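K.L.:
sequence? don't have it. structure:
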């Protein structure tokens with residue numbers, strides 16, 4: 001709270017995605033539908049993995065955590081955005097803005113680490129199948145999943161401290177639809193170079209280090225797949241990685257564009273907002289769809305659950 005006292009800005013105005021009642025109403029229904037699909041899809045994944053014994057494996061354990069992160073991640077920004085799309089005055093208090101920045105970073109950074117762990121899981125499954133249960137023990141899985149969450153909380157705390165140390169006087173119009181650290185820092189009435197460097201450094205650590213692990217894991221996986229003699233064996237090995245690779249591409253493609261560019265070329269233009277929509281709205285919706293549509297075990301568990309619900313009253 002002492003850090004916030006440096007600011008004379010009581011609230012920020014979020015400029016949002018569009019102007020005009022017609023455009024905002026159309027966006028409201030579009031994002032409402034997207035959010036409902038996100039909630040249903042990720043809740044379905046959590047329930048399926050929890051209820052189906054066949055899905056109690058390290059791969060689906062991490063997928064459960066990914067779904068929980070996506071639920072939290074999307075709920076940080078979308079409900080407020082929906083309210084603002086129907087409001088004339090799109091204001092948010094300084095304290096709520098600071099809290100939103102922190103929680104958004106927590107879940108985003110945790111997801112980066114978790115995607116790296118999931119790539120390592122696929123590497124062990126394909127390159128060391130005989131030692132898979134030994135390496136990917138439940139203790140190891142619990143510790144690494146917990147490390148992903150803790151790293152998000154700790155690293156985000158450091159970033160937000162540097163952002164809140166800056167004084168904010170006068171300017172309070174954020175050219176975004178939610179409180180994002182780079183957009184808020186630009187409004188500081190003092191030199192914000194140090195804070196931008198901190199955001200860049202921690203963004204690099206939490207984006208690039210897991211990305212290196214992902215790249216190294218899939219490089220080894222690719223070599224292992226090439227050594228498989230049968231075409232069917234290569235296809236089955238590749239299919240176990242396809243969903244995760246697609247999720248990584250969606251998430252990292254947009255996150256790297258948003259956080260790894262120098263501040264001199266980042267101007268919160270319409271293109272920047274579109275990228276923000278992609279990794280805050282579209283990606284959490286797509287993840288459960290990707291895993292459910294491409295995964296026979298998930299589809300089998302869903303069919304089993306639905307048939308149990310449908311036929312249980314008659315039995």
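P.N.:
Noted; the coordinates are in hand. Here the structure is a predicted model, which is why all the values come from computation and not from measurement.

K.L.:
Which stretches in the stretch 1-150 of the chain count as strands?
P.N.:
For the stretch 1-150 of the chain, the strands defined by DSSP state E, counting those that start in this stretch occupy 11-14, 91-93.

K.L.:
roughly how far apart are residue 110 and residue 230?
P.N.:
According to CB to CB, to the nearest Å, residue 110 stands 38 Å off from residue 230. Yep, even glycine has a C-beta here, placed from its N, CA and C like the rest.

K.L.:
more crowded one of the two?
P.N.:
residue 110 (27 against 8; other CB atoms under 10 Å).

K.L.:
That one touches residue 149, doesn't it?
P.N.:
Yes. Counting by CB atoms under 8 Å, residue 110 does reach residue 149; the two are 5.2 Å apart.

K.L.:
any common contacting residues for these two?
P.N.:
The contact sets of residue 110 and residue 149 do not overlap (CB atoms under 8 Å, 6 or more residues apart in numbering).

K.L.:
ok, now which ones touch residue 114?
P.N.:
Here residue 114 is in contact with 62, 65-66, 69, 145, 148 (criterion: CB under 8 Å, 6+ apart).

K.L.:
Checking my notes, residue 304 in a strand, right?
P.N.:
No. Going by DSSP: H, G, I helix; E, B strand; the rest coil, the assignment for residue 304 is helix, not a strand.

K.L.:
Once you drop chain neighbours, what's closest to it?
P.N.:
In space, residue 304 comes closest to residue 52 once its chain neighbours are excluded; the distance is 7.1 Å by CB to CB, 6 or more residues apart in numbering.

K.L.:
Ramachandran coordinates for the one you found?
P.N.:
phi -90, psi 120 (degrees, to the nearest 10).

K.L.:
cool, residue 18 as well?
P.N.:
Torsion angles at residue 18 (phi, psi; degrees, to the nearest 10) stand at phi -150, psi 160.

K.L.:
number of nearby residues for it?
P.N.:
Applying other CB under 10 Å, we find 16 residues neighbouring residue 18.

K.L.:
Just the buried residues of stretch 236-243, please?
P.N.:
237, 241, 243 (16 or more other CB atoms under 10 Å).

K.L.:
just the strands in the stretch 151-300 of the chain please.
P.N.:
Going by DSSP E, counting those that start in this stretch, the stretch 151-300 of the chain shows strands at 173-174.

K.L.:
if we can go back for a sec, the residue nearest to residue 304: how many residues sit nearby?
P.N.:
Residue 52 has 17 nearby residues by other CB under 10 Å.

K.L.:
Listing request: residues of the chain with sub-threshold pLDDT.
P.N.:
1-7, 258-271, 293-295, 301-302, 305-315 (pLDDT under 70).

K.L.:
Lovely, talk soon.
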